[in-house]
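[1] With the sequence up front, the predicted model follows.
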Amino acid sequence: MKGLRLAGLGVAVVLGMLGLHQLVYAFMSRGRATDLPRHGRVPDFAFTSERGRPVAARDLEGKAWIADFIFTRCGGYCPMMSERMAALASSLKDEPRVRFVSFDVDPDHDTLADLATYSRQHRADPERWTFLRGDRPAVRALAGEGFKLAIVDGHADDPEPILHSSRFVLVDARREIRGYYDGLETVSVEKLLADARRLARD
């Protein structure tokens, strides 16, 4: 009986946590997209997708999109960020006006074939989640000057050859940056999910 009571208590705790999670999500989902801050406009860019197709900033206009910066040999937080991006794409599959863009920060090493393989590994739908490769100076300029995110080369003894931000960036249909979210923090990613829905539906 004691074991059954403990099991019942455990179930109650889990259900309580799920209920709290839903309440937090519902609270974050309140409000309109106009309530979101504006952090500047994403500048023009012209890169190539993992499928070998040209993609320019103007191609994303008219849609809300979530961006991050990754590279395929990253052994640190890139895999976690990409898994969370995949989860976001799954959660937002009912929002056709939301897209996902991952910019590669290691074009000297990553080929388009590498990005295509990485895309498949993370179950990316190529119609909604694009991996973009450009010249190294152009990617660095877009990250630093456009998205205000730092990218620096690591030292020879660093475990990672490139150090970059773990933030996701939410961009609206007019290419205005509407929010930054820590890709490693669950609550922050949940807020991103809620805000993306607000943008898509507003």
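    Nice, thanks for sending it over.
[2] Past the helix or strand of the chain with the lowest mean pLDDT, which element shows up next along the chain?
    Here the helix or strand of the chain ranked lowest by mean pLDDT, DSSP states H and E is helix 2-28, holding a mean of 44. Per DSSP states H and E, the first helix or strand lying C-terminal to helix 2-28 is strand 46-49.
[3] what helices or strands is whichever helix or strand comes after that next one leaning on?
    Using DSSP H and E, the helix or strand that follows strand 46-49 towards the C-terminus is strand 54-56. Judged by 3 or more C-beta pairs under 8 Å, 6 or more residues apart in numbering; DSSP states H and E, strand 54-56 is in contact with strand 46-49. Using the backbone N, CA and C atoms, a C-beta is placed for each residue, glycine as well.
[4] Quick check: neighbours of the strand it packs on in the sheet, parallel or antiparallel?
    strand 54-56 (antiparallel), strand 129-133 (antiparallel) (DSSP bridges).
[5] Buried residues in the first one, which are they?
    Translated: strand 54-56. V55 (16 or more other C-beta atoms under 10 Å).
[6] residues making contact with that strand?
    D44, F45, A46, F47, T48, S49, T130, L132 (C-beta atoms under 8 Å, 6 or more residues apart in numbering).
[7] Now do the contacts for the closest residue to the first one other than its chain neighbours.
    Think D44. The shortest distance from D44 to any non-neighbouring residue, by C-beta to C-beta, 6 or more residues apart in numbering, is to A57 (5.0 Å). A57 makes contacts with V42, P43, D44, F45, A46, R175, as judged by C-beta under 8 Å, 6+ apart.
[8] could you redo the strands paired with strand 46-49 as a markdown table and give each row mean pLDDT and distance to D106?
    Shown next, in a markdown table, are the strands paired with strand 46-49 (pLDDT from 0 to 100; distance: least, C-beta to C-beta, whole Å):
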| stretch | mean pLDDT | distance to D106 |
| --- | --- | --- |
| strand 54-56 | 98 | 18 |
| strand 129-133 | 98 | 9 |
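[9] From what I see, D195 and G179 are in contact.
    Yes. The criterion here is C-beta atoms under 8 Å, and D195 meets it with G179 at 5.6 Å.
[10] and the gap between the residue nearest to D44 and R41?
    9 Å (C-beta to C-beta, to the nearest Å).
[11] what's the answer for A194, then?
    Per C-beta to C-beta, A194 is found 23 Å from R41.
[12] swap in Y181?
    In terms of C-beta to C-beta, Y181 sits 19 Å off from R41.
[13] Pick out whichever of the two has more residues nearby.
    The neighbour comparison of Y181 against R41 (other C-beta atoms under 10 Å) goes to Y181, with 24 against 14.
[14] Tell me who's in contact with the more buried one.
    R167, F168, V169, L170, S188, V189, K191, L192.
[15] Can you tell me who the first one pairs with across the strands?
    If I follow you right, that is R167. D182.
[16] My guess is it contacts L149. True?
    Yes. Using C-beta under 8 Å, R167 is in contact with L149, at 6.3 Å.
[17] Check which helix or strand A141 maps to.
    Residue-wise, A141 maps onto helix 136-141 under DSSP H and E.
[18] Show me what secondary structure element comes after that helix.
    strand 151-153.
[19] Appreciated, that's everything.
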